[in-house]
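Student: Could you work out the structure for the sequence below:
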Amino acid sequence: MPAGTSKSRAAPLGQIESRKPMAKAKGPQGVPNRHIYNRASYLYQAATYLANQNSHQPPNVATKSSSASQEHSASTPSANGQNAMLNMSRQMLSSMRAVTLKAQIRQSPGLKRTICKFCDTLLVEGKTCTSTVENASKGGRKPWADVLTIRCITCNSVKRYPVSAPRQKRRSLRNPEQAESMKDSPEEGQTEEISSAT
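Tutor: Purely as a prediction, here's the structure:
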């Protein structure tokens, strides 16, 4: 046998030798549980559509010559239709929240800010919620103390978000020396009390 050739057994006629790879080649990794993300996205889009349909329906205006009973009967179907659309929107948002909680999918903070935490109403500025900027500092002098206040009209609950303050790091990621120095230094009110007592 010449050098450089390897020994190999010849396969019997009619049989082709096939070798299986030791490990499968990994393709591009997709998003796990894509169907759950799609379902949550669909529910949010449908709830948004229904909430916007609710706001675009013109109110049923009765003429002045009609009696009070006719006004009541004419405006009731419109109001019931609007409430039904709003309730369907709330039900879809509630279902979306349940799906994402069960699958342990984390919703983005921007998405969560558009939904009332208490009654699952889609927060649309001027229609289902009102927003104001409050500054509780003395005379409103501290611009970093601005707080965006969003009040849900449905359940009258309030959510507050800092406007210009940078988001604080998680406790585990903060500098431990900085945390200790904050504990050791006395507060401003305590310093004044000590100096006035002496």
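Student: Find the nearest non-adjacent residue to residue 168, please.
Tutor: Among residues not flanking residue 168 along the chain, residue 174 sits closest, at 8.0 Å (CB to CB, 6 or more residues apart in numbering). Every residue, glycine included, has its C-beta placed from N, CA and C.
Student: Could you report the pLDDT at that neighbour?
Tutor: Listed pLDDT for residue 174 reads 82.
Student: same check, this time on residue 167
Tutor: For residue 167, the model assigns a pLDDT of 76.
Student: now the helices for this structure?
Tutor: Listed in chain order, the helices of the chain (DSSP state H) span 34-56, 68-102, 109-112, 176-184, 188-197.
Student: Could you list the single helix or strand in this structure with the lowest mean pLDDT?
Tutor: helix 188-197 (a mean of 44; mean pLDDT, DSSP states H and E).
Student: Hmm, residue 36 is touching residue 101, no?
Tutor: No. In terms of CB atoms under 8 Å, residue 36 does not count as a neighbour of residue 101; the distance is 11.1 Å.
Student: These two: which is more packed in?
Tutor: Regarding residue 36 and residue 101, a neighbour count based on other CB atoms under 10 Å identifies residue 36 as having more, with 16 against 10.
Student: Quickly note the distance from the residue nearest to residue 161 when sequence neighbours are not counted to residue 109.
Tutor: Excluding the flanking residues, the one nearest residue 161 by CB to CB, 6+ apart is residue 148, at 4.6 Å. The spacing between residue 148 and residue 109, counted by CB to CB, to the nearest Å, is 13 Å.
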